[in-house]
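>>> Sharing a sequence plus its predicted fold:
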Amino acid sequence: MANLKEIQRQIKSVSNTQKTTRAMKLVSTAKLRRAEELAKRSRLFAQKTNQVIAEIAGRIQCNKVGGIDNRCFLENDAPKTVDIIFVTADKGLCGGFNMQTIKAVRRLMKDYENKNVKIRLRGIGKKGIEFFNYNQIEMIDEVKNLSSAPDMQRSSEFMTRSINDFKEGIVDAVYIVYNGYKNVITQELHVTRVLPVDVQGYDCEEVKNSVLELEAQDEEKMLDSLVTKYAEYNMYYALIDSVAAEHSARMQAMDAATNNAKEMVNSLKVKFNKARQEAITTELIEIISGVESMK
């Protein structure tokens, strides 16, 4: 009888867990719809910004003697110091979402460390920060409660510190690593070099046909201003894209957990029925044995 009560307790416990995971799935589904729409609009803006920067940089490269000399566009084949910015979630229960980003960061760190390049780590998101702190890997900058609720101002303040270090020559490259949203069931890992901006492969004939109206003396000033906005917005877009992917990953994880809980409840019910039948059979045998002994 004690065994039956234990099985009943397990069924109740797993059923409660199933209700929780189902509710979490529904919450993530609702949040995903809003985050997905915002990510789509933000992606279009980011693409247009990148297009304008490439167009202005191409004009300067093709028209100016000596080409473009802005540090933000000059390739550095032998960097000495690199900033790696990662974005993870502030919460768990989203499958391997956070670990994929962490593994990508560690691979990138190892690649540069093998080349004797100094790595400076900047982190956004509680889960990634806790991982690197636990492994005693130093971070020069960290922010929590931003990846779960992207904010343009806080994002820009965070990114500005890395931009200024790049412009001052303290670092030679800036990367952003995050897990982005591809579709409802798929997340896509991004390892993006934000600075220096990659606008290679200029087509001077295409540049000549550009409809962008700018005075020649304003081009470099405009370009420098746009680079800052470009880097800041890429950081903000990474946060938006990441939070959409996070809700997608959590929705899948909670759906799998709900299904597993359902299967476990069914299995426990079968186990309970078998145990009850065994208990009934045992009682019948004892009754029959008692009757027979009285004859």
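That came in fine, so what should we check first?
>>> Buried ones in stretch 258-275, by neighbour count?
Buried residues in stretch 258-275, counted by 16 or more other CB atoms under 10 Å: 258, 261, 264-265, 268, 272, 275. (Glycine included, C-beta is placed from N, CA and C.)
>>> Taking those residues, tell me the two that lie furthest apart.
Among the buried residues of stretch 258-275, the pair separated by the greatest distance (CB to CB) is 258 and 275, at 25.6 Å.
>>> In the protein, which residue is most central in space?
Centroid-nearest residue in the chain, with CA atoms, centre = their mean: residue 179, separated by 3.2 Å.
>>> Can you report phi and psi for it?
Per-residue torsions, residue 179: phi -100, psi 120 (degrees, to the nearest 10).
>>> ok, it - contacts?
The neighbourhood of residue 179, defined by CB atoms under 8 Å, 6 or more residues apart in numbering, consists of 87-88, 97-98, 100-101, 187-190, 242, 245-246, 249.
>>> In helices only, show me the buried residues of stretch 258-275.
Among the buried residues of stretch 258-275, the members falling in helices (DSSP state H) are 258, 261, 264-265, 268, 272, 275.
>>> Pick out the lowest-pLDDT one from these.
Note: of these, the lowest pLDDT belongs to residue 275, at 82.
>>> what residues are up against that residue?
Residue 275 sits next to 3-4, 7 when contact means CB under 8 Å, 6+ apart.
>>> ok, back up a step: turn the ones in helices among the buried residues of stretch 258-275 into a markdown table, columns for distance to residue 234.
As requested, those are exported to a markdown table (distance: CB to CB, whole Å):
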| residue | distance to residue 234 |
| --- | --- |
| 258 | 36 |
| 261 | 40 |
| 264 | 44 |
| 265 | 46 |
| 268 | 50 |
| 272 | 56 |
| 275 | 60 |
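>>> before we move on, what SS does residue 119 have?
Assigned by DSSP: H, G, I helix; E, B strand; the rest coil, the conformation of residue 119 is strand.
>>> Make residue 1 into 716 and carry on from there
With 716 as the first residue, the last one maps to residue 834.
>>> That one touches residue 799, doesn't it?
Yes. With contact defined as CB atoms under 8 Å, residue 834 and residue 799 form a contacting pair (6.1 Å).
>>> Cool, thanks, signing off.
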